[in-house]
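Asks: Compute the structure for the input listed below.
(2 chains)
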2 protein chains.
Amino acid sequence: MAVYTEVREDDLAGFVRGYDIGAHLSCKGIAEGVENSNFLLRTEAGTYILTLYEKRVRKDDLPFFLRLMEHCAEHGIACPLPLKNRQGQILGELAGRPAAIVTFLDGISRKRPAVEHCAQVGDSLARLHNVAWEFPMCRDNALSIAGWHALAATADGRADEVREGLGETIRDELAFLDAAWPKGLPHGVIHADLFPDNVLFLDGRAPGLIDFYFACNDLLAYDLAICLNAWCFEPDNSYNATKGRALISAYNAARPLTAEEIAALPTLARGSALRFLLTRLVDWLSVPPGALVKPHDPLEYWRKLRFHQTVKSIADYGWTP
Amino acid sequence: MAVYTEVREDDLAGFVRGYDIGAHLSCKGIAEGVENSNFLLRTEAGTYILTLYEKRVRKDDLPFFLRLMEHCAEHGIACPLPLKNRQGQILGELAGRPAAIVTFLDGISRKRPAVEHCAQVGDSLARLHNVAWEFPMCRDNALSIAGWHALAATADGRADEVREGLGETIRDELAFLDAAWPKGLPHGVIHADLFPDNVLFLDGRAPGLIDFYFACNDLLAYDLAICLNAWCFEPDNSYNATKGRALISAYNAARPLTAEEIAALPTLARGSALRFLLTRLVDWLSVPPGALVKPHDPLEYWRKLRFHQTVKSIADYGWTP
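Replies: Reported below is the predicted structural model:
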């Protein structure tokens, strides 16, 4: 559930006047984005998303995210394009917060994606990697393997409140990944959060990719592993090899995987499952009793992790080179 | 904060196909409406509001609300027009809930209205009363004087948790209103909740009126009294007679008040203040400890009530006939 910053009408009108998009006609807070306040803004020139960046997003990271979207949109990726204001800036300030206006993308996110959606996402992810490859800015992935140790330490001693033995599972998995994490794979800018919520489908069009606020530099195939976790499991947490084949095959067609990436994918998938297990676990343990907000279930990713631990090669994901 | 019912993409697509508005392009949950789930729906034909009616709204009341909006929109009031589906129905079902699609109104609600906004609201309210006068359906006001006794009983014994002496104030005020409540005033369909959130302003246009889900049959001047409370007090709860004059004067120009209504307005304003004091008090007392949702402050309306108790005639509201 999004945080909503209250914006005074006059402040909003003044902010919109700073752009060449006509007078504003309406502005509705929308239930999207966990980290930021998002508004659907209509003006005489069209429909946009206005985002106010809340405290959990580091202000220093915003130029990376916004410039990356601009770079990708200008190179043919269907993603939001940040607007420049009359001073040529893509980042402004509203209600005491950093704020930006980006183009609105039509499309419908699929909470229960079908095989065809997995194929489209694989293709779009590879195209994003190909285009973002040339993006000149860098941002470390705070939620890569070093960050997992910090998260595990935060949850330490309380993981077993969620499930008995979970603490030990996490420690063992971290030890495995420390030893097995691949080196020397192709790296570049990754989306790092391309979940179904963040992909907008519309018939006859490449899907729109949104929410670049976890984007960072990391192993490209790790981004594919995140998508395997996010797109190819059924609601009962069983792995769907048909969806996996569609995802990997479409990715590989647009950016061929190297032999090293293919060999590393099961390890990357374990790492990705642990990453979401850990962030969800920390969120879960930090919710005050009686709160109305129900965080994501960390055990969903514990179940996915257990599946990946049984995987012997990429063939088990439904695809072979 | 709105409740959001999750709607499956295929169900939504099927629902939209039931209307002659083209394919749906996007659908975003919006942070509006306390009682219902509201979505901003874009289709090939335009922009609409899709509402799913949650449990707090009685299904039997929905035809009244929707037909009233239709009647008003067709008679020149700037309010949402419910769409008819291909079967000619304005009420359907989606995700197991009653659901309707209405036209979207551009405009900006003013959390801190200026005098000009009060004048526009007075004019719009009177025009609404004039048009709704001929609406053939009826709905009793569950939140009129009989309902206040029930609310007071619900809060009984706990009002003093909010402020010492509040329980006695409520009992005394109810006794006063039982004796003083006017009889024989012009009655008809009223909006009954025309707060700043529910009025959308746009330069050069009559303001758009939304959220008809408290509309009912009651005294017309009681609706004006609700607006006095909702629009003419400053954030520090001081009464602004300039705003009051603008509101009443514009109302009276479009629907002249009778001498009896003018005489009764202070009593109606006391009743209206007590109504919102009581509903807010019940909500306040029912919030579980630790909940993130902060209900409206009931004491805002206790302060407004105290002002109305000092009023001797409508002149104290800034207006004389």
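Asks: Which segments of chain A make up each domain?
Replies: A:9-103, A:115-317 (automatic domain parsing).
Asks: For these, could you give me JSON lines that also reports distance to chain B, mean neighbour count and mean pLDDT?
Replies: To be clear about C-beta, it is placed using only N, CA and C from the backbone, and glycine gets the same treatment. Converted to JSON lines, the domains of chain A look like this (distance: least, C-beta to the nearest C-beta, whole Å; neighbours: other C-beta atoms under 10 Å in any protein chain shown; pLDDT from 0 to 100):
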{"stretch": "domain A:9-103", "distance to chain B": "4", "mean neighbour count": "18", "mean pLDDT": "93"}
{"stretch": "domain A:115-317", "distance to chain B": "3", "mean neighbour count": "18", "mean pLDDT": "94"}
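Asks: With B:Leu81 as the reference, name the closest of those domains.
Replies: Comparing the domains of chain A by their distance to B:Leu81 (C-beta to C-beta), the top pick is domain A:9-103, with 16.6 Å.
Asks: How far off centre is the closest one?
Replies: Averaging C-alpha positions (C-alpha atoms, centre = their mean, to the nearest Å) puts domain A:9-103 18 Å from its chain's average.
Asks: what do you get for stretch A:313-321?
Replies: That offset, for stretch A:313-321, works out to 24 Å (C-alpha atoms, centre = their mean).
Asks: Without its sequence neighbours, what residue ends up closest to whichever residue of the stretch 101-250 of chain A sits closest to chain B?
Replies: Closest to chain B within the stretch 101-250 of chain A is A:Asp106: 4.0 Å, counting by C-beta to the nearest C-beta. In this structure, A:Asp106 finds its nearest non-sequential neighbour in B:Leu25, 4.0 Å apart by C-beta to C-beta, 6 or more residues apart in numbering or on different chains.
Asks: same question, A:Arg67
Replies: Looking at A:Arg67 with C-beta to C-beta, 6+ apart, the closest residue is A:Met137, at 5.9 Å.
Asks: can you check A:Lys28 too?
Replies: B:Ile30 (4.5 Å).
Asks: Run through the residues that contact the residue nearest the centre of chain A.
Replies: Nearest to the geometric centre of chain A sits A:Asp193, at 1.5 Å (C-alpha atoms, centre = their mean). Contact analysis of A:Asp193 by C-beta atoms under 8 Å, 6 or more residues apart in numbering or on different chains lists A:Asp211, A:Tyr213, A:Phe214, A:Ala215, A:Ile226.
Asks: Helix, strand or coil: sort out the first one for me.
Replies: Think A:Asp211. coil (DSSP: H, G, I helix; E, B strand; the rest coil).
Asks: Was I right to think it contacts A:Val199?
Replies: No - at 9.5 Å, A:Asp211 does not count as touching A:Val199 under the criterion of C-beta atoms under 8 Å.
Asks: of all the contacts of A:Asp193, which comes closest to B:Gln120?
Replies: A:Asp211 (38.6 Å).
Asks: Okay, the closest one and A:Val57: tell me how far apart.
Replies: A:Asp211 sits 11 Å away from A:Val57, going by C-beta to C-beta, to the nearest Å.
Asks: tell me which element the residue nearest to A:Asp106 is part of?
Replies: Element membership for B:Leu25 (DSSP states H and E) is strand B:24-30.
Asks: next SSE after that strand?
Replies: strand B:37-43.
Asks: Parallel or antiparallel, which strands does whatever helix or strand comes next after that following strand pair with?
Replies: With elements assigned by DSSP H and E, the helix or strand that comes after strand B:37-43 is strand B:46-52. Paired with strand B:46-52 in the same sheet, following DSSP bridges, are strand B:37-43 (antiparallel), strand B:97-103 (antiparallel).
Asks: what residues does strand B:46-52 touch?
Replies: By C-beta under 8 Å, 6+ apart, strand B:46-52 touches A:42, A:47, B:5, B:7, B:15, B:21, B:27, B:33, B:36-42, B:80, B:83, B:94-95, B:97-104.
Asks: what sits against the residue nearest to A:Lys28?
Replies: Counting by C-beta under 8 Å, 6+ apart, B:Ile30 has contacts A:Lys28, A:Gly29, A:Ile30, A:Ala31, A:Leu40, B:Ala2, B:Asn38, B:Phe39, B:Leu40.
Asks: and if you look at A:Leu257?
Replies: So A:Leu257 contacts A:Ala221, A:Leu224, A:Ile248, A:Tyr251, A:Leu265, A:Pro321 (C-beta under 8 Å, 6+ apart).
Asks: need the helices for the stretch 51-200 of chain A, in chain order.
Replies: A:62-74, A:115-132, A:145-155, A:159-162, A:166-180 (DSSP state H, counting those that start in this stretch).
Asks: Out of those helices, which gets nearest to B:Asp160?
Replies: helix A:159-162 (39.2 Å).
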